Every structure is written in structure tokens, then in C-alpha cells.
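Chemist: predicted model and sequence below, questions to follow.
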Amino acid sequence: MNPYWGALAGAITSSMVGQVLLKAGAGGEGGFLAQLFRPSTVVGLGFYGVGALLYIVALRKIPMSVALPCTAASYALIALIGWQFFGEAMGMQKLAAIALIMAGVALLASA
């Protein structure tokens, strides 16, 4: 695998992990400050930072017009994670939207 595509995949994965940790940190008692300083929130923000750094590396050789839309793959995967681990709704309309996003990402990545 091209190291720049690997960096993009790492950026997407790191951002998804960060999103899941932020969702986990959003639960529980207390206000915004309590949520902000929960370990899962702090670690989640760290994953976002790593994702940003990896994305910068990926942009060195991957056109922005390809790299940014490829991050849309995370939207589809996060919807599935939200359904599986957080009990979020998943109907036929969402499944169709996920299929369209993934098809678009695959088409764009092959361009």
C-alpha cells in the first residue's frame, strides 16, 4: 500500500475512534466541563489530533479533491458503530444512504 494512502486510512480510522470516544464521554452525569475532562473525551480529542496529523501527511501526495471525500467513508462506518454499540436507529433509508456514500467513495478513489 502506498504510504500516503496508508496515512489517509490511518487518519480516517483515528478520527472514527475519536468520534466513538467522544460519544462515550458524552454520557453520564454533569455538565459540559465534566464531559470535557472525562478520560474518554480527552483520549478522543487526542485521536482527532493524530487523525489531523496523518491527514496532513496524506495531503502531501493525494489530491485534496480525492482525500477529503474519501473521509466520507467514516460517516458510513460510524453510523454502523452507532447502531451496534450505542443503540442508534438503523432503517432502510440509512442503509441506502450508507450504500450510496460507499459507492461514491469507491468511485472517487478509483478516479
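Modeler: Thanks, I have it. Numbers count the residues shown, from 1 in each chain.
Chemist: state the helix or strand in which the residue most central in space within the chain lies.
Modeler: Note on the chain: the residue nearest the mean C-alpha position is M16, at 3.1 Å, using C-alpha atoms, centre = their mean. Assigned by DSSP states H and E, M16 falls within helix 3-26.
Chemist: tell me which other helices or strands that helix touches.
Modeler: helix 39-58, helix 64-70, helix 73-86 (3 or more C-beta pairs under 8 Å, 6 or more residues apart in numbering; DSSP states H and E). For the C-beta atoms, the positions are set from N, CA and C on the backbone; glycine is no exception.
Chemist: average pLDDT for that helix?
Modeler: Averaging pLDDT along helix 3-26 gives 94.
Chemist: what residues of the helix or strand just after that helix count as buried?
Modeler: Where DSSP H and E defines the elements, the next helix or strand beyond helix 3-26 is helix 32-36. By neighbour count on 16 or more other C-beta atoms under 10 Å, the buried set for helix 32-36 is Q35.
Chemist: name the nearest residue to L21, ignoring sequence neighbours.
Modeler: Ranked by C-beta to C-beta, 6 or more residues apart in numbering and with sequence neighbours excluded, the top spatial neighbour of L21 is G44, at 3.1 Å.
Chemist: per-residue pLDDT, that neighbour?
Modeler: With respect to pLDDT, G44 has a value of 97.
Chemist: and if you look at the one 4 residues further on?
Modeler: For Y48, the pLDDT comes out at 94.
Chemist: so it versus S14, what's the distance?
Modeler: 7 Å (C-beta to C-beta, to the nearest Å).
Chemist: do the same with K23
Modeler: Here the criterion is C-beta to C-beta. By it, K23 lies 15 Å from S14.
Chemist: residues contacting P39?
Modeler: If a contact means C-beta atoms under 8 Å, 6 or more residues apart in numbering, then P39 has G25 as its contacts.
Chemist: just use 27 as the starting number from now, easier for me
Modeler: I'll keep to 27 as the first residue from here, and by that count the last item is P65.
Chemist: neighbour count: K49 and S40, which is higher?
Modeler: Higher neighbour count among K49 and S40: S40, with 21 against 18, using other C-beta atoms under 10 Å.
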